[in-house]
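Enquirer: this one's structure only:
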Ligand SMILES: CC(C)(COP(=O)(O)OP(=O)(O)OC[C@H]1O[C@@H](n2cnc3c(N)ncnc32)[C@H](O)[C@@H]1OP(=O)(O)O)[C@@H](O)C(=O)NCCC(=O)NCCS
């Protein structure tokens, strides 16, 4: 079983570990090797712990938790399950593009293509709608190998801009869902038959 719930401060270490593992696979060949090798679970865990506790600007973090038969091998009996992915966001830093922003979304490789990403996005879209955001947006690197996901969810490509990250020039793309109901609809669970 995989469930989605709001993150707690005690989840920060596991979120930091998922961050480091997923960045290393997703951004291999996109970001410098030395930068990816230097990523620190401890440092990211501290950052996520602060993010979980910071509710300003409607900020929220949700986690995907795998339990029982769906848990990673050897962790089936882990009390409370194992964190395999997360999403974070809040009111947008660029409201002219979209009022709510999905800031991070990462899922361990072994759990992809099973609808978990869609469920994480839905949790965040529902949260953003609940705090009054009428539209949603996110930034994704042009070279991100999974950026197709946002087109699949009906996101509209509305902006592209050059940035510098880890000492490298990159291009990032902004996708929007306006109104936000378009994102809620695109991530709605399939009706049971
Ligand atoms: C992006 C990500 C969260 C998607 O999660 P996921 O659980 O694999 O996605 P889902 O299973 O929910 O798939 C959603 C849709 O994409 C489709 N899809 C899956 N793989 C695909 C591919 N290679 N090409 C096109 N569509 C694909 C699925 O079929 C599904 O559509 P459908 O239900 O209409 O058939 C995940 O791939 C990930 O963590 N990527 C790396 C991290 C990252 O880049 N994060 C974003 C930073 S901004």
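Expert: Received it, and whenever you're ready, just let me know what you need. Predicted model only: the values in this text are computed from it and were never measured.
Enquirer: Can you tell me the closest non-neighbouring residue to the residue of the chain found nearest the ligand?
Expert: Closest approach between the chain and the ligand, counting by CB to the nearest ligand atom: residue 117, at 2.0 Å. All C-beta spots, glycine's among them, are computed from the backbone N, C-alpha and C. Computed as CB to CB, 6 or more residues apart in numbering, the closest residue to residue 117 that is not its neighbour in sequence is residue 107, at 5.4 Å.
Enquirer: Tell me who's in contact with the one you found.
Expert: Each residue near residue 107 by CB atoms under 8 Å, 6 or more residues apart in numbering is listed here: 18, 22, 64, 84, 85, 116, 117, 120.
Enquirer: Check it and give its pLDDT.
Expert: According to the model's per-residue confidence, residue 107 sits at a pLDDT of 98.
Enquirer: I'd like the contacts of residue 107 as TSV, with pLDDT appended.
Expert: Compiled in TSV, those are given as follows (pLDDT from 0 to 100):
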residue	pLDDT
18	98
22	97
64	98
84	97
85	98
116	97
117	97
120	98
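Enquirer: and residue 86, how far is that from residue 72?
Expert: Distance, residue 86 to residue 72, by CB to CB, to the nearest Å: 15 Å.
Enquirer: And those two? Which one has more around it.
Expert: Under the neighbour definition other CB atoms under 10 Å, residue 86 and residue 72 were set side by side, and residue 86 has more, 27 against 13.
Enquirer: Just to be sure, the more buried one is in a strand?
Expert: Yes: following the definition DSSP: H, G, I helix; E, B strand; the rest coil, residue 86 is counted among the residues of a strand.
Enquirer: can you list the weak-confidence ranges in the chain?
Expert: Screening the chain residue by residue with the criterion pLDDT under 70, one finds the ranges 193.
Enquirer: Specify the local secondary structure of the residue nearest the centre of the chain.
Expert: For the chain, residue 105 is the residue whose C-alpha lies nearest the centre (CA atoms, centre = their mean; 1.1 Å). With three-state DSSP as the basis, residue 105 sits in strand.
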